[in-house]
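Engineer: Provided below are the primary sequence and the corresponding predicted coordinates.
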Amino acid sequence: MAASGLTIVIKLGTSSIVDEKTHEPILSILTLIVETVAKLRKEGHRVVLVSSGAVGVGLRRMNVDDRPTYLPRIQALAAVGQCRLMSLWDNLFSHLRVPVAQILLTRNDIADRSQYINAQNTFEQLFDMGVIPIVNENDTLAVSEIKFGDNDTLSAIAAATVKADYLFLMTDVDCLYTANPRTNPDAEPIEVVSDISMLEADVSSAGSALGTGGMSTKIVAAKLGTSAGVTTIITKSSKPGNVHDIVKYLQRLQEAPESNGNQTLDIPRPPLHTRFLPSDTPIQSVTFWLLHGLTPHGTLYIDYGAYDALVNHQASLLPAGVVGVEGHFAQQEAVRLVVVEKHPEALNGDFIHHGQEPREVGRALVNYSATEIALIKGHRSTQIGSILGWSDSEYVALRENISFHPEESHPATPSLTPALEEWKSPQSPPRS
Ligand SMILES: N[C@@H](CCC(=O)OP(=O)(O)O)C(=O)O
């Protein structure tokens, strides 16, 4: 396989694969997908399919008309459907002599950094062997705490894991519009989104009767994907060949000597799609894993002084900067970091919110459990031993185990209210 090939993740939702009413697989689409993937592979690209549809196919197999609401029943149907779905894919790909592999994931599977790296290595090996990995959530095991939630999110995490160039989110519309094109004749297609935080589009389309996602989960997936440096593309699932045409177009666009923003004069226009451009400063693999691979088990409320030290001085988090703890978590589990103002008159080192709203700024892996941090918060590190009777680390979390959301990477230190400025007088505990 050509080393210069691109890595492309294609996500197909349940409604693209399974007829919403009969639950029969939509063979025409599946076949076109297989042909497109085989073509991309032949051209030297590495392709991952993220395929929903296990529950839908299971419904058909067991002659159940409606998706049940009882979770174990859904999980049982997914177990039935997943093997049939894979056999369908395997069959279709085998006609073109393309081997496939099944990868089923839950959040837990990648919560351990070494498992996450194992997953990366497995994908790498499959690419080397010319195999198409087909990914789905491990529905049989996934309960809410370990669920990705929807396959749009899963596909963005898979795309970041394999360091994809492109993530295609196939859906029932050809692109995002400024308004609902079915009801508003003035709706304009949005072809390129360079800053997703500024996006103003109609994302009101709900998920299908069988799937869990909709347009809003695609936007969330696009945020995740672009933050990890993956160009994320929304296009119509009923025309899978578009994926190939769009990839070709983007390659030409990149090679074109004189590109004028989105268009170059002699390159034919590609099929309609919305393209979310990747961040100029994509977050690193370990940062992405900390932010999105782990389920937080609680929250640490930290004050602005600590926040400033972490972000602007690369410091680790000291107990002195922690003003509150929520949740039940053990050492080395992930927590949310939320910045709040600590008020000088608050009792027992508690904090009150005033001025700026508390907001999650990032995630951390902690060196102490929730109970332990509740005891040492607000204290100097030298006091940890006498408070707990032992001390593993002077830090609640090491800087290397803390990641900030992309928009927090270079924040201006938030302005402090006068009361807090006063409190931050020289007698406040020093921060590293
Ligand atoms: N993992 C589930 C699908 C999850 C889901 O509903 O995803 P989607 O259809 O993409 O909104 C399945 O295979 O049935």
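Structural biologist: Cool, the structure landed.
Engineer: any weak-confidence spans in the stretch 1-150 of the chain?
Structural biologist: Where the stretch 1-150 of the chain drops to pLDDT under 70, the residues are 1-3, 143-146, 149.
Engineer: hmm, 80 instead?
Structural biologist: The stretch 1-150 of the chain contains residues with pLDDT under 80 at 1-4, 107-113, 142-149.
Engineer: got the residues of it near the ligand?
Structural biologist: Gly13, Thr14, Ser52, Gly53, Ala54, Val55, Gly56, Ala78, Asn136, Glu137, Asp139, Asp150 (CB under 6 Å from any ligand atom). For glycine as for every other residue, the C-beta is placed from the backbone atoms N, C-alpha and C.
Engineer: possible to save those residues as TSV with neighbour count?
Structural biologist: TSV is the format used below for those (neighbours: other CB atoms under 10 Å):
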residue	neighbour count
Gly13	30
Thr14	25
Ser52	29
Gly53	29
Ala54	29
Val55	27
Gly56	28
Ala78	25
Asn136	22
Glu137	25
Asp139	22
Asp150	21
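Engineer: among the residues you listed, which lie within helices?
Structural biologist: When these are checked against helices (DSSP state H), the matches are Thr14, Ala54, Val55, Gly56, Ala78.
Engineer: so the fourth one makes contact with Val18?
Structural biologist: Yes - counting by CB atoms under 8 Å, Gly56 does reach Val18; the two are 3.5 Å apart.
Engineer: re the thing from before, quick check: the two most widely separated of the ones in helices among the residues of the stretch 1-150 of the chain next to the ligand?
Structural biologist: Taking CB to CB as the measure, those span a maximum distance of 11.0 Å, between Thr14 and Ala78.
Engineer: anything in contact with each of these two?
Structural biologist: Listed as contacting both Thr14 and Ala78 by CB atoms under 8 Å, 6 or more residues apart in numbering are Val55.
Engineer: please, which helix or strand holds Val9?
Structural biologist: Val9 belongs to strand 7-12 when assigned by DSSP states H and E.
Engineer: strands along the stretch 251-400 of the chain, start to end?
Structural biologist: For the stretch 251-400 of the chain, the strands defined by DSSP state E, counting those that start in this stretch cover 274-276, 298-302, 322-327, 334-339, 359-365.
Engineer: ok, the longest one: who's next to it in the sheet?
Structural biologist: By that I understand strand 359-365. Sheet pairing of strand 359-365 (DSSP bridges) gives strand 334-339 (antiparallel), strand 402-404 (antiparallel).
Engineer: now swap in the first one and tell me
Structural biologist: The strands beside strand 274-276 in its sheet (DSSP bridges) come out as strand 192-193 (parallel), strand 231-236 (antiparallel).
Engineer: identify whichever of the ones you listed lies nearest to Gln125.
Structural biologist: Using CB to CB, the strands paired with strand 274-276 put strand 231-236 closest to Gln125, at 24.8 Å.
Engineer: what sits up against that closest one?
Structural biologist: 156, 159, 165-176, 218, 221-222, 225-226, 242-243, 246, 250, 271-278.
Engineer: which of the residues you listed fall in strands?
Structural biologist: Among the contacts of strand 231-236, the ones falling in strands (DSSP state E) are Tyr166, Leu167, Phe168, Leu169, Met170, Thr171, Leu176, Thr274, Arg275, Phe276.
Engineer: measure Lys236 to the ligand for me?
Structural biologist: Lys236 sits 15 Å away from the ligand, going by CB to the nearest ligand atom, to the nearest Å.
Engineer: residues near that residue, how many?
Structural biologist: Neighbourhood size, Lys236 [other CB atoms under 10 Å]: 17.
Engineer: if I look at it, how far off is Leu272?
Structural biologist: Going from Lys236 to Leu272 by CB to CB, to the nearest Å gives 8 Å.
Engineer: show me the one of the strands of the stretch 251-400 of the chain that comes nearest the ligand.
Structural biologist: strand 274-276 (17.3 Å; CB to the nearest ligand atom).
Engineer: can you list contacts of that closest one?
Structural biologist: Contacts of strand 274-276 (CB under 8 Å, 6+ apart): 175-176, 189-193, 196, 222, 225-226, 231-235, 250.
Engineer: now, of those residues, which are buried?
Structural biologist: 175-176, 190, 193, 196, 222, 225-226, 231-235, 250 (16 or more other CB atoms under 10 Å).
Engineer: nearest to the ligand among these?
Structural biologist: Distances from the ligand to the buried ones among the contacts of strand 274-276, taken by CB to the nearest ligand atom, are shortest for Ile234, at 13.0 Å.
Engineer: picking up where we left off before, of the contacts of strand 231-236, buried ones?
Structural biologist: 156, 159, 165-171, 173-176, 218, 221-222, 225-226, 242-243, 246, 250, 271-276, 278.
Engineer: neighbours of the nearest residue to Leu85 once chain neighbours are set aside, just the number please.
Structural biologist: In space, and not counting its chain neighbours, Leu85 is closest to Val57: 4.8 Å by CB to CB, 6 or more residues apart in numbering. Here the number of neighbours of Val57 (other CB under 10 Å) works out to 28.
Engineer: with Asp128 instead?
Structural biologist: Residues near Asp128, counting by other CB under 10 Å: 10.
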